[in-house]
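**Student:** heads up, no residue letters with this:
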């Protein structure tokens with residue numbers, strides 16, 4: 001079992017940057033692909049970014065491509081989401097998730113491929 005705890009959210013202005021962290025428990029962290037999703041009020045949860053077990057392969061939603069970067073440190077059991085050039089439309093609760101599909105990158109945009117989820121961290125971007 002994997003437990004995930006996100007941190008790093010907050011209130012920022014448009015154009016600012018934030019780095020989210022997701023700390024995982026468990027000795028098998030490096031075998032999981034990791035993803036970030038977000039959910040804005042009144043909207044469905046949407047895919048943001050994912051990486052394979054090593055972090056060497058990544059996948060991004062078109063809306064964040066070129067602005068957000070996902071990375072992981074398996075020695076620290078942590079995955080990160082660096083968010084630059086933030087926009088008001090990035091405002092949402094951000095969730096990290098772990099998928100047993102360690103290397104099937106193309107499938108990692110689908111929330112149902114993830115087994116474990118964090119509790120979420122709020123990101124608010126003011127205009």
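**Tutor:** Received, thanks. Note that the coordinates shown come from a computational prediction; the quantities given were computed from them, not determined experimentally.
**Student:** mind checking the SS state of the residue nearest to residue 64 when sequence neighbours are not counted?
**Tutor:** Nearest-residue entry for residue 64: residue 48, 5.7 Å, with adjacent residues in sequence omitted and distances by CB to CB, 6 or more residues apart in numbering. For glycine as for every other residue, the C-beta is placed from the backbone atoms N, C-alpha and C. Classification of residue 48 into helix, strand or coil gives strand, according to DSSP: H, G, I helix; E, B strand; the rest coil.
**Student:** residues near residue 48, how many?
**Tutor:** The criterion is other CB atoms under 10 Å. On that basis, residue 48 has 25 neighbouring residues.
**Student:** Contact partners for it?
**Tutor:** With contacts defined as CB atoms under 8 Å, 6 or more residues apart in numbering, residue 48 is in contact with 35, 36, 37, 38, 60, 61, 64, 68, 81, 94.
**Student:** 10 Å instead, please
**Tutor:** Residues in contact with residue 48, defined by CB atoms under 10 Å, 6 or more residues apart in numbering, are 20, 35-38, 59-61, 63-64, 68, 70, 81, 83, 90, 92, 94-96, 109.
**Student:** Nearest the middle, which residue of the protein would you pick?
**Tutor:** Using CA atoms, centre = their mean, the residue of the chain that lies closest to the mean C-alpha position is residue 36, 2.1 Å off.
**Student:** tell me the phi and psi of that one?
**Tutor:** Recorded main-chain torsions at residue 36 are phi -120, psi 130, according to degrees, to the nearest 10.
**Student:** For the chain, give me the ranges with low pLDDT.
**Tutor:** Across the chain, the stretches falling below the confidence threshold (pLDDT under 70) are 102-103.
**Student:** please redo it, this time with the cut-off set to 80
**Tutor:** For the chain, the stretches flagged by pLDDT under 80 are 26-27, 102-104.
**Student:** sorry, back to before: so the residue nearest to the residue nearest to the centre of the chain when sequence neighbours are not counted versus residue 116, what's the distance?
**Tutor:** With CB to CB, 6+ apart as the measure, residue 48 is the residue that lies nearest to residue 36, at 4.3 Å, once sequence neighbours are left out. Between residue 48 and residue 116 the computed distance is 17 Å (CB to CB, to the nearest Å).
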